[in-house]
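Student: Predicted model and sequence follow; I will ask about them next.
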Amino acid sequence: MLVKEEDQDYIDLHKYWQILKRRWFLLSIVSFSVFGITGIITFLQQPIYEAQGKLNFNKQNGASSLTGLDKQLGELSGLTNTSNPLETEAEVIRSQNILKKTIAELKLRDRDNQTLLVDKFLQKLRVKSVRGTDVLRLSYQSTNPQEAAAVVNSIMKNYLEHNIRSNRAEATAAREFLLQQLPEVKAKVLEAEISLRKFKESNNIINLHEESKAGVESLKEISDEITKTQAQLVDIDTRSKALQNKLELNSQQAIALSGLSTSTGVQGVLEEYQSLQKQLATARTRYTDNHPDIIDLYNKILALREQLATQVFRNLQGSQSVKERDLQIGQVKQTLTSKLVNSEVERLGLANRVAQLRKEYAIFHQRLSSLPRLEQIQLQIERQLQIARSTYEQLLKRLQEVELLENQNVGNARILAEAVTPLKPVSPRIILNLLLGGFLSTILGMGIALLVEAMDKSIRSVEEAKLLLDYPLLGTVPTLDKKEKVDLPLLKIPYCASSYAFEMLQASLNFTTSDKSLGVIVVTSSVPGEGKSFVSSNLGIATAQLGKRVLIIDADMRCPRQHEIWSLHNLTGLSNILVGQTEREKTVRQKLYNLDILTSGTIPPNPIALLDSQRITSLIEQARSDYDFIIIDSPPSIIAPDAQLLGKLADGILFVVRPGTSDSSAVKNTKRILEQSGQHILGMVVNDINSGDSYGSHYAYQYYKQKVAKNNDSLKLPT
């Protein structure tokens, strides 16, 4: 069934109803068969009873709650965020051990009196959580109501025993594990304590925080003392430089002079040396240089000079030389020299103090700089010690709790409701099964009907024909009733819906061309049986009733029909004219006023040769001058190219489509053939459709029947 893309957003219920009406027999067979099978199965089915019981679960078991454990042994919890603890327990209930124990206790058997298998047992067992609660509902179906209740109660009992054993086994395993781990954890604690002690001893640590605080204060005090001492040193250095400038001596020279001026050995020799110089000066006033006294004094002076030099060298330790005039200074200069020496001594003392303070500052600063690293190492060791101690304490506490849990006889679940013997069966549900069977049978029947319809390639409606061909729709001919089954309804049943349809078709043809009136048309179809001859004959009657001279030519020289419709013999006709055996005027027969018929005549061996000749062209041209309207009934286009040959001689082709007979593939091929041959398609007429789809034919028929019945006789044409 064809549907336009733009029409796919809505459902045409009427179209589906028409499909179901066409396929009612298939729909009925499928629906009644399915419904009947459902009823038979329902009434033959053995009653099944279902017993139910409920288990209530706690997040923690009794022992866990008693000891205050949280998310520990025996707790009902999942490993991941997506896991469901109740579903986990449901799987435990469905486990092999519990089910096999239940089967053995109740001695359950199958239909062959064999021990019931676990897989078949699971098919009858249902374990589901009650939405929004911590409750599991257990149900079991059996043909024996007592057995159903006994199975549920046995499963719940066996599960509770299994739960207690599991919790106890878990506690035992935990205790053994804890006893194994405690010595190892204790050894780690001792190891961490020893590491911390050794670290403090090797780095002279008592309290890093207090040491850091005291070190910062000491650094500040030393820094202040360095600043103060440096200020004093600057002051002393300034005074020393002023004295040096005034004495024209440096500090070393001043120290040397001060030492020589106070040395008795140097000063004694110096006094004796100065005395001899005075004597020599006095003697030279009286004697010449060669005088023995002068020479003797001169030698003594040289000896004292050497002795003085030796004394000076000894006092100064050979560090520097001193001029002779500087060996004896005055009182003022001696005082200034003493001050210079004192200043230098004080300066050296302050400089040494600054150096010492800076050394102490560097030592303290280096210690403080290492404190963060030492503190980090200490924190790591203390953290390891803390973790080890905490782990050890937790293991000791857990061991006590596990020992208590091991002696408990409780689980996570309790029986909330025991199963009781059911009184009514849960299956079969006769009314529900029949309703579902009826619904499904109807749906299945409709589905099969629609599937068969979809597989059917024939055209079923006017809309399908329009979508497939895309030709102008010039008219629709409704289906005749059984009592109206005639070839010429316009003559024999003038007021039927078909009569109005042909009048509308004739009127529509007049509007197909605007520049000239139609003189010759070819009527064809895609396949045989679509009613092209029926349309040709009745269209000729409708045109003749308008007072036009009409000629119907039966050009189907393969399977002619016009002579049967008009009850004429077919000894001579079109084929005889085309071979020159007779003439048109002698062969044409008048059946109605203004309506002539030219039958096909003798069926020739090669109709194509006759139609593709100059004789047929001359025949049509002569007929145009004698008739107002010529209708050529040609063979189906899918069978022979007759319609294409005749279409070249006509003003256009009228295409006939019959729903239920026309095949979509044949129609497509016909359309392609006509388009490739360059034919002028006037439009299409859809034949034999329901009166409801005939675009007003049915209503026009009712109108004519009521209004024109009185003048019935006056509308008949003379024969």
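Tutor: Okay, I see it. Just so it is clear, the structure is predicted and the values come from calculations on it, not from any experiment.
Student: who touches residue 156 in this structure?
Tutor: 53, 55, 138, 415, 418, 419 (C-beta atoms under 8 Å, 6 or more residues apart in numbering). In this view, the C-beta of every residue, glycine as well, is placed from N, C-alpha and C.
Student: Tell me the one of those nearest residue 626?
Tutor: Of all those, residue 626 sits closest to residue 138, with 98.7 Å by C-beta to C-beta.
Student: What's the first helix or strand after the host helix or strand of the closest one?
Tutor: In this assignment (DSSP states H and E), residue 138 forms part of strand 135-142. Beyond strand 135-142 on the C-terminal side, the first helix or strand identified by DSSP H and E is helix 145-202.
Student: ok now that next one, how far from the chain's centre?
Tutor: Centre-to-centre, helix 145-202 and its host chain are 42 Å apart (C-alpha atoms, centre = their mean, to the nearest Å).
Student: quick check: angle from the helix or strand following that helix to helix 145-202?
Tutor: Where DSSP H and E defines the elements, the next helix or strand beyond helix 145-202 is helix 208-247. Interaxial angle of helix 208-247 relative to helix 145-202 (axes from the mean of the first three to the mean of the last three C-alpha atoms, to 10 degrees): 30 degrees.
Student: circling back: and the contacts of the strand holding residue 138?
Tutor: 48-57, 86, 89-90, 93, 124-130, 148, 151-152, 155-156, 416, 419, 426-427.
Student: just to revisit the earlier point, in helices, which of the contacts of residue 156 appear?
Tutor: Using DSSP state H, no member of these falls within helices.
Student: Which of the residues you listed sits closest to residue 379?
Tutor: residue 55 (51.7 Å).
Student: quick one: contacts for the closest one?
Tutor: Counted by C-beta under 8 Å, 6+ apart, residue 55 has contacts 135, 136, 138, 156, 159, 413, 414, 415, 416.
Student: how about 7 Å then?
Tutor: 135, 136, 138, 156, 413, 415, 416 (C-beta atoms under 7 Å, 6 or more residues apart in numbering).
Student: Also residue 288?
Tutor: Per C-beta under 7 Å, 6+ apart, neighbours of residue 288: residue 294.
Student: before we move on, what SS does it have?
Tutor: Three-state assignment for residue 288 (DSSP: H, G, I helix; E, B strand; the rest coil): coil.
Student: Next one: it from residue 300, what distance?
Tutor: Distance, residue 288 to residue 300, using C-beta to C-beta, to the nearest Å: 18 Å.
Student: the domain parsing of the protein - what is it?
Tutor: Domains of the chain are assigned by automatic domain parsing as 5-45+428-455, 462-711.
Student: need the least confident one among those, by mean pLDDT.
Tutor: Looking at these, the lowest mean pLDDT belongs to domain 5-45+428-455 (a mean of 75).
Student: Run a quick neighbour tally on residue 577.
Tutor: By the criterion of other C-beta atoms under 10 Å, residue 577 has 24 neighbours.
Student: Could you do the one 3 residues further on as well?
Tutor: Here the count is done by other C-beta under 10 Å, and residue 580 has 8 residues near it.
Student: Equivalent analysis for residue 423, please.
Tutor: Residue 423: 7 neighbours (other C-beta under 10 Å).
Student: likewise the one 4 residues further on?
Tutor: The burial metric for residue 427, expressed as a neighbour count using other C-beta under 10 Å, is 16.
Student: Residue 49 is in contact with that one, correct?
Tutor: No: judged on C-beta atoms under 7 Å, residue 427 makes no contact with residue 49 at a distance of 8.8 Å.
Student: Next up, phi/psi of the residue of the chain most remote from its centre, please.
Tutor: Distance from the C-alpha centroid of the chain peaks at residue 286, with 136.2 Å (C-alpha atoms, centre = their mean). Here is the backbone geometry of residue 286 (degrees, to the nearest 10): phi -110, psi -30.
Student: can you tell me how far it sits from residue 609?
Tutor: In terms of C-beta to C-beta, residue 286 sits 192 Å off from residue 609.
Student: Can I take it that residue 421 is in a helix?
Tutor: No: Residue 421 is assigned coil when assessed by three-state DSSP, not a helix.
Student: and the helix or strand where residue 537 lies, what does it pack onto?
Tutor: Using DSSP H and E, residue 537 sits within helix 532-544. Counting by 3 or more C-beta pairs under 7 Å, 6 or more residues apart in numbering; DSSP states H and E, the packing neighbours recorded for helix 532-544 are helix 489-492, helix 497-510, strand 520-525, strand 550-554, helix 562-565, strand 595-598, strand 629-633, strand 681-689.
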